[in-house]
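Enquirer: 3D model of this:
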Amino acid sequence: MRQPYQLLIIVLLASSFSLMAQNGRLKKANKAYETFRYQDALNGYSKLLGTSAENAFLYNRLAHCYYANSQYLEATKWYSNQYELEGNAMDWESLLRYSQSLQATGNADKAAKIFDYFKLNHDVLGSDLASSEAYLQIISQEAERYQVITTGINTHAADFGGFYKNGIFYFTSSRKRELGSQAKDPWTDQPTTDIYQVPFNTETGVFDQVAKLPMDTNVKLHESSFVTDSTGTVAYFTQSATSKNKKNTYVLKIFRAHLKEGVWTDFEELPFNSNNYSSAHPALSPDGRKLYFVSDRPGTYGHTDIYVSEILADGSFGEPENMGNKINSKGRESFPFISSDNELYFASDGHYGLGGYDVYYMDLSEPEMPYLLNVGQPVNGPHDDFAFSIDVASKKGFFSSDRSGNDNIYQLTEKVCIQDYIKKKIKGFVTDDFKGIPLSGVQVEVIDAEGQVVATTQTDSKGYYELNLDDLGTNYKVKVGVDGFQGAHKYVDAGNKVNHIDFGLEALGLQQFDTSRLASLPGTQDIDLDKVFFERNSSYLTEETKLELTKISQVLKANPKIRIDIKAHADMRGTEMYNDWLTERRAKRIKDYLSANGVNGNRLSYTAMGEKELAQPCPDPSDCNENIHRENRRTVFTISDDWDEELE
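Expert: Model prediction:
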């Protein structure tokens, strides 16, 4: 009996020692987590898997650690484990981050489901957001707003942030320093960051030689987020504190510097910094009188909020004010940027988007700051996208993303002004539907759901009109009319987009367009038949075109005095020689088809127009949408009623 008793004691002691070891590991991991040393925390929590400490709390901490370092696939795994145990009782922060991680890893349907539950049960993000599914459709559909390319200044290290001023682009990088030692960040276990500068030509989009910013700081920790005033002689930047606070963490602080003899010096720590919380990512208003920044100070809506402080005439600062819950969420707001048009761009993972950090926009010139807009693809995507900036004059800008697996800087060109998506724009052309010519002086009215005319204009000499509307959430009717033509109207769908609406008006006294109207034409006229078209780079007749040509052949056979010259046009996306060749083949195929359907070939002639006489001028084909290109790939019939078979 004694031996089993001794074995029992050994087992109990072993269990006790094991439990003590687990508690020790958990305590050590918790301390690392609470001081933002997420890599150390991950190592500690991972060792507790498969032990009695494995529970929803452990899953939550593992998920948060991976989320903090933008490792969304791993974060999704552990949030999913937590959700299986807790279901909808899961805390709001974990629900939000779970949704964002799902979105970042391509699981949009489940992300939408989790986020909709999150909105239903937590008073956050504002009621003006549509359902998550509809919102995703809105921000995903306008992918042509920006043209995005990679830059040649990226390295294998982290390169991010960016501010352009007076021909110089400033950015942050953890690339290896040429001189001096370089510490590691306990949060990410990566080298600390420095500020770099590089000349940038906005006309050519070309960078010059990258160099470390000449700063007399001698700091081995992080420096980032550099911005200057309009003179280029006063700057603000973020720097890690040189010593830990009572919580054993390095907070971030904002400093002001002055340029003297080509070197940034005379550093001043801003008065609203604290050893208890961080202030970071400074941004200046266009007039230099306001400083925007990010902080996790008490009173935030979430983890980090955007604040603003007045810069007074003597260089002192007013009390920082929170920008409010139209901008700040229960997530993380970071990297604010103010354009020269007083437009705020910032990154957030608390407003619903495409995954991780997304870039958002708000016009600060509007008194009530009514619209918060996700700038959409291709800037935003399923990864972290942040640090957006733009030079309004050149429409060149930059943003950062970890879409390639590492933080890199991307260059963008704004193809369509973002204001077109804030204030709904309606534009288009009005033409004579029969002749295909533009109609000037046409009255264009926009009518709301209550039947009220909310905007009006007239078409110009090219038949073009354009209207801006303030209300994003209403459907409209666009009504057009002019003397001598039958009026028409079309409806506009709600949404943040430009609506291109063209009208072809019928002359009074004529029935709806039909090819039989060819028979009633007097003299010689050009008729643009928009149903006779070709696919791009093709001379083969579509079924729709064959049907239309069959009708024309019947009209010609019934009206023996009509003769036709077929003019085939191309868009501008090929060479001039190629387009001449292509349109000749198209015109000949039409002539051959009509002849095969019983029309005397002597009544038919054709002309290859190539890219001459474009219906819609398009100096740069890449700037024109497919509707414009298709309109240019048209066929025009020049008809006359003087053909006499006996004279042929």
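Enquirer: where do the strands sit along the stretch 351-500 of the chain?
Expert: Along the stretch 351-500 of the chain, counting by DSSP state E, counting those that start in this stretch, strands occupy 358-363, 373-374, 385-391, 396-401, 408-414, 424-432, 443-447, 453-458, 464-469, 476-481, 488-492, 498-500.
Enquirer: So which of those is nearest G87?
Expert: strand 358-363 (27.2 Å; Cβ to Cβ). In short, each C-beta sits where N, CA and C put it, glycine included.
Enquirer: List the strands paired with the closest one, with their directions.
Expert: Strands adjacent to strand 358-363 in the sheet, as given by DSSP bridges, are strand 343-348 (antiparallel), strand 373-374 (antiparallel).
Enquirer: can you give me the angle the longest one makes with strand 396-401?
Expert: The reference is to strand 343-348. 10 degrees (axes from the mean of the first three to the mean of the last three Cα atoms, to 10 degrees).
Enquirer: Buried residues in strand 343-348, which are they?
Expert: E343, L344, Y345, F346, A347, S348 (16 or more other Cβ atoms under 10 Å).
Enquirer: can you tell me how far the third one sits from E310?
Expert: In this structure, Y345 and E310 are separated by 21 Å, where distance is defined by Cβ to Cβ, to the nearest Å.
Enquirer: With F171 instead?
Expert: 28 Å.
Enquirer: Same question for L62.
Expert: Taking Cβ to Cβ, one finds L62 at 43 Å from E310.
Enquirer: neighbour-wise, which of these two wins?
Expert: L62 (25 against 15; other Cβ atoms under 10 Å).
Enquirer: Just the helices from the stretch 451-600 of the chain, written as ranges.
Expert: Under the criterion DSSP state H, counting those that start in this stretch, the stretch 451-600 of the chain contains helices at 543-558, 576-596.
Enquirer: quick one: the longest one to helix 543-558, angle?
Expert: When you say that, I think you mean helix 576-596. 50 degrees.
Enquirer: how far is helix 576-596 from where the chain is centred?
Expert: 41 Å (Cα atoms, centre = their mean, to the nearest Å).
Enquirer: So which elements touch it?
Expert: helix 543-558, strand 563-569, strand 604-610, strand 635-640 (3 or more Cβ pairs under 8 Å, 6 or more residues apart in numbering; DSSP states H and E).
Enquirer: how about a cut-off of 6 Å?
Expert: Using 3 or more Cβ pairs under 6 Å, 6 or more residues apart in numbering; DSSP states H and E, the elements in contact with helix 576-596 are strand 563-569, strand 604-610.
Enquirer: mean pLDDT for these: which is lowest?
Expert: Of all those, strand 563-569 carries the lowest average pLDDT, namely a mean of 83.
Enquirer: Tell me, how many residues neighbour the nearest residue to I168 once chain neighbours are set aside?
Expert: Spatial nearest neighbour of I168, excluding adjacent residues (Cβ to Cβ, 6 or more residues apart in numbering): Q197 at 5.4 Å. By other Cβ under 10 Å, the residues close to Q197 number 18.
Enquirer: Now do the contacts for Q197.
Expert: The contact partners of Q197, taken as Cβ atoms under 6 Å, 6 or more residues apart in numbering, are I168, Y170, A211, L213.
Enquirer: Mind checking which of those land in strands?
Expert: Assigned to strands by DSSP state E, the following of the contacts of Q197 qualify: I168, Y170, A211.
Enquirer: and Y307, what are its bridge partners?
Expert: Here Y307, judged by DSSP bridges, has bridge partners F293, N322.
Enquirer: list the contacts for it?
Expert: Y307 neighbours (Cβ under 6 Å, 6+ apart): F293, S295, P320, N322.
Enquirer: And N499, by the same measure?
Expert: Counted by Cβ under 6 Å, 6+ apart, N499 has contacts I426, V492.
Enquirer: Which pLDDT value belongs to the residue positioned nearest the centre of the chain?
Expert: Centroid check for the chain by Cα atoms, centre = their mean gives G376 as the closest residue, at 2.7 Å. G376 carries a pLDDT value of 83.
Enquirer: Over to I153?
Expert: At I153, pLDDT is 94.
Enquirer: any idea how far it is from I338?
Expert: I153 is 23 Å from I338, by Cβ to Cβ.
Enquirer: can you check T231 too?
Expert: T231 is 17 Å from I338, by Cβ to Cβ.
Enquirer: same deal with V442?
Expert: 41 Å.
Enquirer: neighbour count winner among those two?
Expert: V442 (24 against 21).
Enquirer: which residues does that one contact?
Expert: So V442 contacts V430, T459, V480, V482 (Cβ under 6 Å, 6+ apart).
Enquirer: do you know how far the second one is from K477?
Expert: When you say that, I think you mean T459. From T459 to K477 the distance is 17 Å (Cβ to Cβ).
Enquirer: Please say which of these two ends up with more neighbours.
Expert: T459 (23 against 15).
Enquirer: Look at that one and report its pLDDT.
Expert: At T459, pLDDT is 93.
Enquirer: How about it: what's its closest non-neighbour residue?
Expert: In space, T459 is closest to V442, 4.3 Å off (Cβ to Cβ, 6+ apart).
Enquirer: Can you give me the buried ones in stretch 311-331?
Expert: I311, P320, N322, M323, I327, N328, S329, K330, G331.
Enquirer: Present these as a markdown table; the columns should include secondary structure.
Expert: Output for these, formatted as a markdown table (DSSP: H, G, I helix; E, B strand; the rest coil):
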| residue | secondary structure |
| --- | --- |
| I311 | strand |
| P320 | coil |
| N322 | strand |
| M323 | coil |
| I327 | coil |
| N328 | coil |
| S329 | coil |
| K330 | coil |
| G331 | coil |
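Enquirer: And the furthest pair within these?
Expert: Among those, I311 and K330 lie farthest apart (Cβ to Cβ), at 29.2 Å.
Enquirer: Output the contacts of Q197 in a markdown table; the columns should cover distance to Q100.
Expert: Output for the contacts of Q197, formatted as a markdown table (distance: Cβ to Cβ, whole Å):
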| residue | distance to Q100 |
| --- | --- |
| I168 | 34 |
| Y170 | 29 |
| A211 | 37 |
| L213 | 33 |
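Enquirer: Pick the one among those residues closest to Q71.
Expert: Nearest member of the contacts of Q197 to Q71, counting by Cβ to Cβ, is Y170, at 28.3 Å.
Enquirer: gap between the closest one and F398?
Expert: 10 Å.
Enquirer: With K612 instead?
Expert: In terms of Cβ to Cβ, K612 sits 40 Å off from F398.
Enquirer: Just want to know which of the two has more residues nearby.
Expert: It is F398, of K612 and F398, that has more neighbours when counted by other Cβ under 10 Å, with 24 against 14.
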